[in-house]
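A.B. asks: Structure for this input, please:
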Amino acid sequence: MNTTQTHKSKIKRLTGLLRSYRVYHRYLGLGLGVFLIISSVTGLLLGWKKDIDLLQPPTQKGATTDLAQWISVAEMATLAQTALDSAQQLANTPIDRLEARPDKGIVKVLFAEGYWEVQLDGSTGKVLSVARRHSDWIEHLHDGSIISDGFKLLSMNVVGLGLLALVISGFILWLFPRKVRQLKS
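C.D. replies: A predicted model of the protein is given here:
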């Protein structure tokens, strides 16, 4: 077999692979497209959550940063639940967590339902803010946990592996035409 026939067979093999990689790349991209759009839009919003008050309520300032002067956690929980009930008529909403911000003199009480947040002055217990944390549901949408933790695990693996496959097939789609042109010349 002479070199011309060898080049032609290599070109034929590369162009055949190129066609199949285009198909794989196209359908993988279409299949992952919805997940990637949701992930990218929500990721952009999460990047701005500290700068846009609608996404996450701004952190208030309390009277003192001296933790010795702060009221008890039990009092904070009671005050926060009362504040949420009076502001939004949501009685007995379970608390998810309390986030202390000693440098600001406040405690953020985050509720398990409805993405609500109550900010309290750590020393006086005064309610500084009652607001919805839209950044929390956006984060759950971003990582898939808005459906379930199992879906989160599955979807993040599919998106991660799919992106890796798109990068590899995209690189092949970029490289193979150059190889074909090189063999032709």
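A.B. asks: need the longest helix for this structure.
C.D. replies: Longest helix in the chain by number of residues, with DSSP state H as the criterion: helix 3-47.
A.B. asks: Which other helices and strands does that helix contact?
C.D. replies: Other helices and strands packing on helix 3-47, by 3 or more CB pairs under 8 Å, 6 or more residues apart in numbering; DSSP states H and E, are helix 134-143, helix 149-184. Placement of C-beta: from N, CA and C, glycine included.
A.B. asks: So which residue is dead centre in the protein?
C.D. replies: In the chain, the centroid-proximal residue (CA atoms, centre = their mean) is His142; its distance is 3.7 Å.
A.B. asks: What residues does it make contact with?
C.D. replies: Counting by CB atoms under 8 Å, 6 or more residues apart in numbering, His142 touches Ile38, Ser39, Thr42, Gly43, Leu46.
A.B. asks: Show me which of those residues are buried.
C.D. replies: For the contacts of His142, a neighbour count by 16 or more other CB atoms under 10 Å gives the buried set as Ser39, Thr42, Leu46.
A.B. asks: Which pLDDT value belongs to the first one?
C.D. replies: So the one you mean is Ser39. Here the pLDDT value assigned to Ser39 is 92.
A.B. asks: Just confirm it contacts Val159, I think it does.
C.D. replies: Yes - look at Ser39 against Val159 with CB atoms under 8 Å: they come within range, at 6.4 Å.
A.B. asks: What distance do you get for Met76 to Gly62?
C.D. replies: From Met76 across to Gly62, the span is 11 Å (CB to CB, to the nearest Å).
A.B. asks: which residues are in contact with both of the two?
C.D. replies: With CB under 8 Å, 6+ apart, Met76 and Gly62 have common neighbours Leu120, Gly122.
A.B. asks: Just want to know which of the two has more residues nearby.
C.D. replies: Gly62 (24 against 21; other CB atoms under 10 Å).
A.B. asks: burial of the closest residue to the more buried one other than its chain neighbours, as a residue count?
C.D. replies: Excluding the flanking residues, the one nearest Gly62 by CB to CB, 6 or more residues apart in numbering is Gly105, at 2.6 Å. The burial count assigned to Gly105 is 23, neighbours taken as other CB under 10 Å.
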